[in-house]
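Undergrad: let me see the structure of the following:
(2 chains)
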Amino acid sequence: MNTKTILAAPAYLHETLLHDLLDTHHTNALDQLAVVPFNALLPKAEYSSSYLLEKTFERIQTVADKCPHFVSMIHNPSFLKQLSDFRKDMAEYQIDIIDLPENDDFQKELKILIQCFYDLPVSSMNQIEYLNSTEPMHHVQIYPSYRSSLFSSKVISHMIKCGAQMMEQPQVHSYKTGRTALNRRQEIEACAQYIIEQNLSPEDITIVLCDSANDQKLIKMVFNRYHLPYGFVSTSEKSKVVQLFLSIMQYLKDQSLNSLIQYYHCACSDIEHFDAFIDYINMFIENTAQLSCPFTHVKDTFDQPSIFDERQKKQLIELEELAESVRSSLSIPEGQASLITAYDLVRQHSVVKDTDELKVFYRIKEILEAHYEVIHDEHMFDLICFEIESLNKSTSHSFINQICVTDLTHPVPVRKQAFVLGCIQSSFPDFKGCSGIFDEDYVSQVPGYPKKAVRQAFHFEQIAWIFNCAENIIFSASCADYEGKGRQMSIEIESRLDEKPVPWNIIKHQKKHRVEFKIQPDTAKDLFLKEGKLHGSISSFEKWFNCPASYFLSTGLRLRKQEYPEFNIALMGTLQHAILEEVMGTYHKNIHECTEEKLSEIVEKMFAPVIQLFTKKRSFLSVAKNRCARNMTLIFEFLNEMEQNTDFEPKKMEQRFKTVLLDDQTYSVQIQGIIDRIDMTHDMLRVLDYKSSHKSLSVSKIQSGLQLQLLTYLYVASELYHKTAAGCYYVSMKNDDIKAPVSKVDGRKLEIIDPDSTVEMDLWKQSHRLDGMTFEDTNMLDFDGIHIKGFKNGHPTKIYMVEDLTGFIQTIYQYLIDQVTNGHIALTPTEDACTFCDHFSICRFHSLKIKSIVPEELTAHFFKEVK
Amino acid sequence: MRWSPNQQKAIDTIGRNVVVSASAGAGKTAVLTARLTKRVAKDHVPVTSILAMTFTEAAAAEMKSRLFSSLSNLLKDETDETQRQYLQDQLVLLGSAHVSTIHSFCLSLIKENYFMINLDPKTASNILSDEECTQLKEDAWVRAFNTMLQKDEKEFTELCNYFSGRSDDYEALKANALKLALVLSESENREETILRFKSYLQPVQTLSQVHPEMMNIFMEACRSYALCIENALDEALDIINKDQIDVASFESSVRLRKEKLVPLKDALELMNYTEVYRIIRNSCESPLGRVTKEEALKPVRKKIMDLCNDAVAFLIPEDQLIQSINEMSSYGHTLIDLADLIDQNYSQAKLDRQAMDFSDMEQFALKILLADNKRTAKKMQRQFIDILVDEFQDTNDVQNTIIELISRGNNIFRVGDIKQSIYRFRGARPQIMRDLIQTTAGSQEIIFLSENYRSCKSIVEYNNYLFDVLMNIHGLSQSYTDSDWVSIGTTGQDDHNEFPVEFHALSYEKTEEDEEMGDLKADYIARQILAMKQSTQFTKWSDYCVLVRSHAVKDKLRYSFDKYGIPNSMAVKSGFYKSISLQEIIAFFKLLNNPHDDLSMVTLLTSSMFKMSFEMCSKLRIENRNRSYYDVLKALNSDIIEHYHQVKEIYHTSGLFYAFKAMMEINDYYFMLPVQEKTNLDLFADRIYDFEQKNGSSLIQYLNFLAQIEDQPTSEAISSSTLDDVVRIMTVHQSKGLQFSVVFFWSTFGTRIMDNLEKCMIDSQMGLGLMHLSQPYRIKRPTLQRMALEHKNTLEEFEENIRLLYVATTRPQKKLIMVDQVKETYNTAPANLAMLSAKRGFSDMLLSGMEQFSGYHRVLPVVVTAEKVQGHSSSDTSQTEIIRYNKHVAAHQVQTPSSLEERVLPELNLSGYHANTRGTQLHELVEHLPCAPWTKQQIHELAPDLHYSDVHKMLQLGNNEFFLSLQSQTIHKEYSFIVRDGLSLSHGFIDYLAVSDNTVTLIDFKSDRHVTDELLKERYSGQINAYLHALHQLYPLHQLEAYIYSFDLNQMIKMN
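TA: Numbers count the residues shown, from 1 in each chain, chains lettered A, B, ... in the order given. The predicted model follows:
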């Protein structure tokens, strides 16, 4: 440079300094005057730190056998970095190898390790050598700035010794006050409001973030909301290029499915239907080889008969087709020319369009080129990844005329008002002592290594600029993090305040908004009715009684959660139903003919396509299959005995129906459904419903419309087959634990009754009795009265009037249609309404639940016990 | 400050281990600070040689602050220069002093000594979040499942069946296996623990072969049953004696039953179960006289009957006991193996990710301290002259071992209060402190701080009486000794209220179900606070606090408080991901992935972001039944879709966090949310950011992650501080260390010991307590181990509950109001083990204390009406107009022309030859060579290593005719310039500038290979134009010309 004057300053200050220079010279154009970073004044570094780390690594391997305590660490890049950093410290502080302590085996080994690469140059060798230079520096002016170490300060001092001049900074007397807020966001929000309320000019304001890594994003969020103009002096973020690169590298290293997926997530998530691809992999793909072949697993499976319905099949086949469309457009990074492939994949990726990411890309390129010859080495590979991982995307923004946002290590020129935010103990002064293998205990034994107190004082001196960074300074701290963990203001700051800290005054903006569950009757009719009929399944109508809002959302707006079929309780229920249908359809009343082997075959047959489909869950399914066979054996044991004790015969299985209720009214209800089983005698019928859980029929729930299913089935069946409705019952397929009987003291007789020799099976049967309602006082339902709850000596102890059945069905469905057509979609969930509801995000219910939506007087008179 | 003698002793005692038992409100923190100050300032122990471990980060920060301020005060008054310098040094070093939680200490220990256990140093800075842990554990479980299945399919299927009768259900097995895996991983010695747990489950032929520890506890359980019966029998006799009732046959039958129990003591000592079984049954079978006319005796007779029932149900014949032990043995072993595998898989997964979880902190620290003949422990012993442990009662075994390892044997100062140990569920073992206090051997000093400086006299006395009864119940291991009796510390604590302690016994006019009573209880408390605020000295909301046992009732309180407009704050343990705004934002993310997801779309449409009514949603649906809302709105050119696409674009360019940020800004969405929702979103923002930093920006990955954790109970963010004037609703645990003027305690009559309801109990000391399950009918009965563990757990739970009550009733300063619904009669008899065994809740405990205490207290019967009370709407002081900065600020630009080069991303250069280096070298040569032409010699002197071909290229440049023609002009090499044009600032260096009177010629040297002149022009025209623009301002009257000189082409290229 043949420039006359050079001003050395950190890059982030160049713009400000250039403007200042032009202003000072009252011009808009200057030449022969340059503003440069400090490094430009120093000789160029001969070797990159990356290269030196590699060499250090090579040397260290040669002494591994002499270091038994550290032998397992010598391939570890972090460990290696600590060694090489300490070696750098030694060079900078002129510490000789002989000065290293050898008080125990560990220290002796450390010395051996350092000794082996001691002759290698260190990355700051150029600066160390510069200290011997006598080249005059009279043309250089140095702008005061933050020094990261005692050594860098020494280099600057040497420049001054050689004639460079330290630029004087205007001194300001600062008035320092303190503020507190609940959390970081409130702190920053209060600051934003203060700026606006006090009508401060952006160019007069500096904001210093003590915890810059965490608070930068908050500044962006809050200041953008308040439209405050700001510029970050320096930001550092994780680089996407690095993430992408590492994901490829990881895959090339382990070739696993997980790392390949991670790579796809980094590289391809923009591709259309990528979600289907990932869902498909999660459901069906077990290794990377399967990704090389077209996806046909679902289609192949569904070529065979299975228990899945058409909707489920369609769903999965569509998923497979979408996934296949993505799969065929992707490539798997290939092994041999791996590094070049990886590099090229990143090079062609859109992520490098970003200027800052591009800088990182070039750094990666340098690292890869520097290490290419040794990349095949497994440990070197880790070392390269380690180096790449440490790269960040850093940016500096203009803050001219804007609020200048900086951090402790980037001092800026004095302005009128400063806010130092995040002044909590963990962020200020945030001195980090020596840790790791060369911890304070170790360095205290090394002559020449600066004492901790000296380093700490130096660190404090470097960040003390914040106490004079403006005429008025507000130091602010939060009292807790978002999760309530308490914090305190930094003691070093609090002790320097001119006033005791007080809470920020925060304006709370808030406007309540809640969309009401309300629609006009006409809209309701348009929405729910089709040709004057309300269509649906009984469970959908039960949903209305459970919570009209939920019914509105699912039936009216047709909002349903998108879910693929998977192995869960619902599928298990379907399997059990299918097994029951098959067995009952084959053997009817003669279930005893279905031997354990035959049942096993049926179970096997039903499970086979499921296991074939969900290959990733084969272990769970295979255990489930065995457990299911065992459980079903018990159920059939019970059913068999039940069949022997009743005149009713199973006549209809999985009976589909579609019927219209209230046909003579303005609006009617069209119900459709499947009845699991209808048993008949010559003039009576009963309805059975298989349940995966223990379910009981409750009159109060029926009266509230919450249990309409069984009664509606019974009503429909009796209408359909013109037979008397004798009863309706749940059959439980669930095997819960049963508490064993215990001895107890009979209070009347005052004697201990030990449990009799009740057979365990009897207890089990008792717990599996059918549960429901009986309308006919007949012994034909259960001869011995031990298969239906509430039977004694073959007769029911409770009977309900069959007329109630008709009356109730008419009343409750009339009520339903009246309410629905009036637009009654209120958010009034009953106790269990929300358990399996998918609409929570829309209803936003946070209140107390109700017992019933149906007025008591409407249905309370139905179903009084006759007996 | 005047210290009490014991406080002074706690401050001064050195040279030996000290244990300070500090009751609630005893000024513990002040004493700690005084001791630390004295140690540093007077005894000259440097702050770096002190290790102080606290329970929370906040406590650590406060301790540092207090120490700083007391040392600063000393410094102000200090005149001795040496001492001043010393104090100043200590103040500087205080920032990095070891005052932290034990976990932070462990973490720093790991960071500094990771190599002792071959740990990757990155691990210590990669702490997994709860969500990440859950994911890894899930993987670990799946892999362990497969391994176990392969090992022994039949045995493992049996275990699956054991935990659930539902064929598809593995949840209970998973939950128990994971819980056990955690116990194993947190034990001091994992392998030893596994062997021990298995040893408790070994098959036996006689009861004498049962592990003695287990058998002991089982016999204790038998003893407890007998004790309860004896207590009840004594109670009956007391009543008979006290009331002089003549019930001869009943009395003699009671005495007979008692007599029949006499031989029990010997049988228990001999561990003779058969005899124990016989004796207790014999007593229970003995006739019990009737008390038909004596109302006073009826309850106690019933109690005797109930207890006998419990006892005979509990005691089963020996052969059955043995059978159940043997049949469940293999189940227990298989479960332990499964847990072991899960733990191994999980640990390996953490290692692979170079990450650790919270519980690893203690484990790794312990391993480090023990490694290599305790090298690190010895180092720590050298470093720390003083070790201080606060809240010592909540220490667990591993923590205690760590503390012992780093101590010199005489330098630990432990402070705590066993009575306030309420973290049993986290593994706290108050027994550690109890043992220490009871150990008189050695050089240990035990100090009791027995003054209370917090509460008024009546409250202090009430607590003395109450806990003297409760903590001294025969059969429990804790005690309230003379040293625990406290007195008020200052005269200012005398009573000024009429009844500082009240039990509000609620009854209802119309009895409804329990659930509604809970609502009315909340309603009552809310109205009481409203009334008291108007009529008493407690006029601020923040004077009041409501303490509850569990989070479950908080919703009821919040509902009532909101109804009456009482500003309140509570930390809700669950519901973070279910909070309204989070659901809305998650819906937005789902939409970004799939715009046709109508459920998410309607969530968003009806949110405060877009405020669409359901009427409108319905109309859109009616008109477009088969199209998604997205398609419909798009066809309508809705601005909603415009916003959607803007956010989507931001996601694509900047990632998840910035997409979230953009969502917040749509229609001032964030601005207008309630503060709780805002704070939840703040926390959510942090979590998105963290996710992105760790995993990248894949939306699919993020949605999958959310799907896995959305249903987990996660605490809402904390949105109010102690500075806010609100009523605080908190659990007793959360209230630890705090104090309030008025405390309402939500008392309860019943108590449920949840662990006892589990099919498999897991105890960190004794292992598994499995129920016996007889297959295939799933008949369930207890095993010996199960009965033993239930007994152990019940006692520990009772003790914990009493301590919890102690924490609750020692929070108030002026007034304690306990509230519960009572039946007509309630128990006022002294509390005993039988009462606790009947699982009576807090109210029974509190009322039994009332009976004995004669201070200013009362039980206040209150009849509550069941009518629903109309609530008041809260007085909302929030501002609805948003203040904003509204001036325009123009953006400044700064550029260096070299940044305008057209970029072509280069291929990887594997030749070892670096173009950049070469380019720099050629530029430097031009800069440093004299006027052209040059000689080889000149070039060689400046660049001895320059490649032959480049030497040739330099010579060609030196001989270039045009270049030579410029040499007579004024030459500037690396010509620096700064030019400002409006808001734009340009600066940089021009390679070569030749200036004559009329012309300025610039040359830019390029070393690009494989180029054409056209390509170079295209690539660098931006840069050259920027130079020309700058030169035009510096040389406005000169004619400007620009050239690129290409070394590759050996050509001077004129730029237009």
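
Undergrad: which ones are touching residue 742?
TA: No chain was given, so I picked chain A. If you count contacts by C-beta atoms under 8 Å, 6 or more residues apart in numbering or on different chains, residue A:742 has them with A:755, B:312, B:313, B:316, B:781. Where C-beta positions appear, they are placed from N, C-alpha and C, glycine not excepted.

Undergrad: try chain B instead
TA: Counting by C-beta under 8 Å, 6+ apart, residue B:742 touches B:532, B:538, B:543, B:544, B:545, B:812, B:814, B:815, B:816, B:817.

Undergrad: tell me the secondary structure at the last one.
TA: Right, the one you point to is residue B:817. Three-state call for residue B:817 (DSSP: H, G, I helix; E, B strand; the rest coil): strand.

Undergrad: what's the lengthiest helix in chain B packed up against?
TA: Secondary structure of chain B per DSSP state H: the longest helix is helix B:318-352. Under the contact definition 3 or more C-beta pairs under 8 Å, 6 or more residues apart in numbering or on different chains; DSSP states H and E, helix B:318-352 sits against helix B:130-151, helix B:153-163, helix B:171-186, helix B:190-199, helix B:273-285, strand B:767-774, helix B:784-809.

Undergrad: and if we set it to 6 Å?
TA: Here helix B:318-352 touches helix B:130-151, helix B:153-163, helix B:171-186, helix B:190-199, strand B:767-774, going by 3 or more C-beta pairs under 6 Å, 6 or more residues apart in numbering or on different chains; DSSP states H and E.

Undergrad: next, the buried residues of that helix.
TA: Buried positions in helix B:318-352, judged by neighbour count with 16 or more other C-beta atoms under 10 Å in any protein chain shown: B:321-322, B:324-329, B:331-347, B:349-350.

Undergrad: distance of residue B:628 relative to residue B:602?
TA: Distance, residue B:628 to residue B:602, by C-beta to C-beta, to the nearest Å: 11 Å.

Undergrad: give me the domain ranges for chain B.
TA: Chain B breaks down into these domains under automatic domain parsing: B:5-126+B:356-449, B:130-354, B:491-570+B:727-759+B:780-864, B:580-709, B:893-1055.

Undergrad: quick one: these as TSV, columns for mean pLDDT too.
TA: As requested, those are exported to TSV (pLDDT from 0 to 100):
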stretch	mean pLDDT
domain B:5-126+B:356-449	92
domain B:130-354	92
domain B:491-570+B:727-759+B:780-864	84
domain B:580-709	95
domain B:893-1055	89
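
Undergrad: out of those, which is closest to residue A:826?
TA: Residue A:826 sits nearest to domain B:580-709 of all the domains of chain B, at 11.1 Å, using C-beta to C-beta.

Undergrad: for the closest residue to residue A:169 other than its chain neighbours, which three-state class applies?
TA: Leaving aside its sequence neighbours, residue A:169 sits nearest to residue A:144 (C-beta to C-beta, 6 or more residues apart in numbering or on different chains; 5.9 Å). Applying three-state DSSP to residue A:144 yields a three-state assignment of coil.

Undergrad: need the pLDDT of residue A:144.
TA: What the model reports for residue A:144 is a pLDDT of 93.

Undergrad: and it, how many residues sit next to it?
TA: Applying other C-beta atoms under 10 Å in any protein chain shown, we find 13 other residues in the vicinity of residue A:144.

Undergrad: do the one 5 residues further on as well
TA: Residue neighbour count, defined by other C-beta under 10 Å, stands at 18 for residue A:149.

Undergrad: in chain A, which helix has the most residues?
TA: In terms of residue count, the longest helix belonging to chain A (DSSP H) is helix A:618-644.

Undergrad: buried stuff in that helix?
TA: The neighbour-count check on helix A:618-644 (16+ other C-beta under 10 Å) flags A:618-621, A:623-643 as buried.

Undergrad: who's in contact with the helix or strand following it?
TA: Using DSSP states H and E, the helix or strand that directly follows helix A:618-644 along the chain is strand A:649-661. With contacts defined as C-beta atoms under 6 Å, 6 or more residues apart in numbering or on different chains, strand A:649-661 is touched by A:581, A:584-585, A:588-589, A:668-672, A:674-675, A:677-680, A:716, A:813.

Undergrad: in strand A:649-661, which residues are buried?
TA: A:650, A:652, A:653, A:655, A:657, A:661.

Undergrad: and the stretch 301-450 of chain B, which residues reach chain A?
TA: When proximity is defined as C-beta under 6 Å from any C-beta of the partner chain, the stretch 301-450 of chain B approaches chain A at B:305, B:308, B:309, B:312, B:313, B:379.
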